[in-house]
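Undergrad: just a sequence and a predicted model for now, questions to come.
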Amino acid sequence: MNLDFSQIVPYIPFMLEGIWVTLKFVFFAIILGAILGTILALFKIGSIKPLRWFADAYTSIFRGTPLILQLMIIYYSIPQLTGYDISPFLSAILAFGLNSSAYISEIIRAGIQAVDKGQMEAAQALGIPYRAMMKDIILPQALKNILPALMNEFITLTKESAIVSTIGYLDLMRRAQVVGSDLFRNFEPLLFVGLIYWCLVMGLTVLGRLFERRLKLSD
Amino acid sequence: MIKVEKLYKKFGNNEVLKDISTEIKKGEVVSIIGPSGSGKSTFLRCLNLLETPTSGSVIVNGQDLSGPKKDIQKIRQQIGMVFQHFHLFPHLTVLENLTYAPMKVKGEKKALAEEKARTLLKRVGLSDKEKAYPSSLSGGQKQRVAIARALAMEPELMLFDEPTSALDPEMVKEVLEVMKDLAKSGMTMAVVTHEMGFAREVADRVIFLDHGVLVEDGQPIEFFNSPKTERARDFLEKVL
């Protein structure tokens, strides 16, 4: 075995910087995905047929094609079609946000539909308008059903974010490759960023558990 | 107060209510009884449009609910409803359960809504529970909170859908007491119930439904002592 971790030491700051770069776009992608996903979920359970069709078609397309393909299409075709030179950062947010909104919308839809139908009837009987009922009565309860699956989605998104290395975005993964080709040794830098990804995911997991526990207070 | 004319309700091919016409006057307490599957609950739920009638009309204070899109939320505010399974909002405290709708729907100030809520909680004997969450209450307590929550909207009519059917026997009384008290205060009430005692003692009128048909509609004394129809006699023999 010729392992030599000392060789990557000078590159550690360079690779650590990737944490921030990765987290930055993952953060925005999660926000975009959550907002869009909520809207799509509301379309899906709503009574307006065209919106329901749109949401279903949207989910079908974004779940039915590879994420890396969506990323490439956004990154390469937007400049070709519009002349706007889209940055890897923006492409990554768009691709991951749009893609994960499809999954999130399904998670939220199922979570909402799992809330006891009586809750909606009680709210209707009190004359509470639809919007307020959704926001204050149904969604807070749905959140409890949704949270574990949502955490799972965020974890997947964080890990799969490594795909952006294919469009040259200098995230954790890409940095490991850069260091690898610089040193002609790949295993050490790859293992190093692997450890970082694992720590990030563990952080998310702990955060999710804390949040879940807080929501359980009213039980 | 509320008038029902030629009400029909179908679920698919299943005709649940057939040609129901009746009226509930202001201050009246009407018990709706009948065997299970007779359409009692569906009838009650048609009164605040939780179920949409297939045909016929429900007229509340002169407003036809089944007519062209009325402001259904406005009308529902005048009609309180108590469910068999309470349906309290589990993520809100007892006090918040009572204040949410008045604040959100009627725009009441928090202080006023809370003051009124506390008065209502006192009335149903649960002053000490205002900070509790529904999950920590017994069934009887939950139902009393549910009644108070409906009253917080200051409705003109209260609908009760088998309010004691999901309760343990020893908790039935405390809920019935609250309802009796409410009836005494002059509230207009429509109560779907299996509590024949309540129907006999408290109700001004009894409506008997069987297979979706309004079979009898009269004074409790007459109904319980000398039912006019065979079906009502059959039913009473089984339950009394």
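TA: Done, it's in. Given the structure is predicted, the values throughout are model-derived calculations rather than measurements.

Undergrad: wait, A:Ile30 touches A:Ile155, no?
TA: No. Judged on CB atoms under 8 Å, A:Ile30 makes no contact with A:Ile155 at a distance of 10.7 Å. The C-beta positions use only the backbone N, C-alpha and C, and glycine is treated the same way.

Undergrad: which one of these two has more residues nearby?
TA: A:Ile30 (21 against 16; other CB atoms under 10 Å in any protein chain shown).

Undergrad: without its sequence neighbours, what residue ends up closest to the more buried one?
TA: A:Phe154 (5.8 Å; CB to CB, 6 or more residues apart in numbering or on different chains).

Undergrad: how far away is that neighbour from chain B?
TA: 23 Å (CB to the nearest CB, to the nearest Å).

Undergrad: count of residues packed around that residue?
TA: Neighbour tally, A:Phe154, other CB under 10 Å: 21.

Undergrad: where's it, which helix or strand?
TA: Assigning secondary structure by DSSP states H and E places A:Phe154 in helix A:139-160.

Undergrad: who's in contact with that helix?
TA: A:22, A:26, A:29-30, A:33, A:67, A:96, A:100, A:103-104, A:107-108, A:110-112, A:114-115, A:119, A:197, A:200-201, A:204-205, A:208, A:211-212, A:215-216, B:89-91 (CB atoms under 8 Å, 6 or more residues apart in numbering or on different chains).

Undergrad: just the buried ones from those residues?
TA: A:22, A:26, A:29-30, A:33, A:67, A:96, A:100, A:103-104, A:107-108, A:111-112, A:115, A:119, A:197, A:200, A:204, A:208, B:89-91 (16 or more other CB atoms under 10 Å in any protein chain shown).

Undergrad: those in helices, which ones?
TA: Counting by DSSP state H, those place A:22, A:26, A:29-30, A:33, A:67, A:96, A:100, A:103-104, A:107-108, A:111-112, A:119, A:197, A:200, A:204, A:208 in helices.

Undergrad: just give me the neighbour total for the closest residue in space to B:Gly39 that isn't next to it in sequence.
TA: Nearest residue to B:Gly39, sequence neighbours excluded (CB to CB, 6+ apart): B:Gly212, at 4.2 Å. Using other CB under 10 Å, B:Gly212 has 23 other residues around it.

Undergrad: in contact with B:Gly212, which residues?
TA: B:9, B:15-18, B:20, B:38-39.

Undergrad: let's see it at 7 Å
TA: Going by CB atoms under 7 Å, 6 or more residues apart in numbering or on different chains, B:Gly212 touches B:15-18, B:38-39.

Undergrad: now do the contacts for B:Ile59.
TA: B:Ile59 neighbours (CB under 7 Å, 6+ apart): B:2-3.

Undergrad: and B:Ile207, how far from A:Ser60?
TA: B:Ile207 is 50 Å from A:Ser60, where distance means CB to CB, to the nearest Å.

Undergrad: what's the answer for B:Arg144, then?
TA: 48 Å.

Undergrad: who has more neighbours out of the two?
TA: B:Arg144 (29 against 11).

Undergrad: wait, that one touches B:Val175, no?
TA: Yes. With contact defined as CB atoms under 7 Å, B:Arg144 counts as touching B:Val175 (6.3 Å).

Undergrad: quickly check: the worst-scoring helix or strand of chain B on mean pLDDT near chain A or not.
TA: Ranked by mean pLDDT, DSSP states H and E, the helix or strand of chain B with the weakest confidence is strand B:63-64, at a mean of 82. No. On the criterion CB under 7 Å from any CB of the partner chain, strand B:63-64 is out of touch with chain A, staying 13.9 Å away.

Undergrad: got the contact list for the helix or strand just after that strand?
TA: Reading on from strand B:63-64 to the C-terminus, the next helix or strand found by DSSP H and E is helix B:72-77. Contacts with helix B:72-77, where a contact means CB under 7 Å, 6+ apart, come from A:124-125, A:127, A:129, B:48-49, B:60, B:63, B:65, B:105, B:153.

Undergrad: which parts of chain B sit against chain A?
TA: B:48, B:50, B:73, B:76-77, B:81, B:83, B:85, B:87, B:89-91, B:100-101, B:104-105, B:133, B:135, B:153.

Undergrad: among these, which are in strands?
TA: Per DSSP state E, strands hold the following members of the residues of chain B next to chain A: B:Met81.

Undergrad: and the next helix or strand past the host helix or strand of B:Glu96?
TA: Assigned by DSSP H and E, B:Glu96 belongs to helix B:94-106. Next in sequence after helix B:94-106, counting helices and strands by DSSP H and E, comes helix B:110-123.

Undergrad: would you list the phi and psi of the residue nearest to B:Lys3 when sequence neighbours are not counted?
TA: In space, and not counting its chain neighbours, B:Lys3 is closest to B:Ile59: 4.3 Å by CB to CB, 6+ apart. When read as degrees, to the nearest 10, the backbone of B:Ile59 gives phi -120, psi 120.
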